[in-house]
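Participant: quick check, what structure comes out for this input:
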Amino acid sequence: MSPPIQPPAPGSGSGAPVAAPAVPYPAGPARTGNIGLGIAAAVVAALAAAAAYGGIMNAIDRQVGYAAVGVGLLVGFAAGRTGGRNPVLPVVGAVLSLCAVHLGQLFFIALALADQSHVSLGEVFDKAGVGGLTDIWQEGAGAMDYVFLAIGGFVAFGAAGRA
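Facilitator: Here you go, the predicted model:
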């Protein structure tokens, strides 16, 4: 006995059998990714970006908005690409980007102090410490310093969400 053949659809013009429409299967649950790996990648990217940001500022002796954007992109992309689409990662990326921009500014101050005092960078960190560098930063911080912090955080939030 042969299998039943479906008659051709009206107006199809050919006598070939017509295949039945495919049954769509429901998609599996969305993968959220590995949040721990995403945070770890963002921390590593933040530390690397902070060092690069401070070094760039020291080389040109001023802050550049594009560098803060680069910090935000690097941190946000590392968090989102490695950790997946978890809704926590854009927030973590933004916070870590804020920290990275601030650490980059502190690193710039330390490099400038080392150059002016003709001492090593280690001596600056030993004598002033992070607290002393933060005090120096607070004394000289202007509106643009806070704008650069905000730029880095905003870009990281968007980059982590899109990655």
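Participant: quick one, longest helix in this structure?
Facilitator: Scanning the chain for the longest helix, with DSSP state H as the assignment, gives helix 89-117.
Participant: packing partners for it?
Facilitator: When contacts are defined as 3 or more C-beta pairs under 8 Å, 6 or more residues apart in numbering; DSSP states H and E, helix 89-117 sits against helix 35-60, helix 65-83, helix 121-127, helix 129-140, helix 143-162. For glycine as for every other residue, the C-beta is placed from the backbone atoms N, C-alpha and C.
Participant: can you spell out which helices and strands pack onto the third one?
Facilitator: Other elements packing on helix 121-127 under the criterion 3+ C-beta pairs under 8 Å, 6+ apart are helix 89-117.
Participant: how many other residues sit next to residue 39?
Facilitator: Here the number of neighbours of residue 39 (other C-beta atoms under 10 Å) works out to 20.
Participant: angle of the longest helix of the chain against helix 143-162?
Facilitator: 140 degrees (axes from the mean of the first three to the mean of the last three C-alpha atoms, to 10 degrees).
Participant: what comes up buried for helix 89-117?
Facilitator: 89-114 (16 or more other C-beta atoms under 10 Å).
Participant: show me how far it is from its chain's centre.
Facilitator: Per C-alpha atoms, centre = their mean, to the nearest Å, the displacement of helix 89-117 from the mean C-alpha position of its chain is 15 Å.
Participant: same check, this time on stretch 56-67
Facilitator: 20 Å.
Participant: which residues does stretch 122-131 contact?
Facilitator: Identification of contacts with stretch 122-131 by C-beta atoms under 8 Å, 6 or more residues apart in numbering yields 106, 110, 113, 114, 117, 136.
Participant: of all pairs in those residues, which one spans the longest distance?
Facilitator: Spanning the widest gap among these are 106 and 117, at 16.2 Å by C-beta to C-beta.
Participant: name the nearest residue to the residue nearest in space to the middle of the chain, ignoring sequence neighbours.
Facilitator: Nearest to the mean C-alpha position of the chain, by C-alpha atoms, centre = their mean, lies residue 76 at 1.1 Å. Counting by C-beta to C-beta, 6 or more residues apart in numbering, residue 76 lies nearest to residue 159, which is 2.9 Å off, once chain neighbours are set aside.
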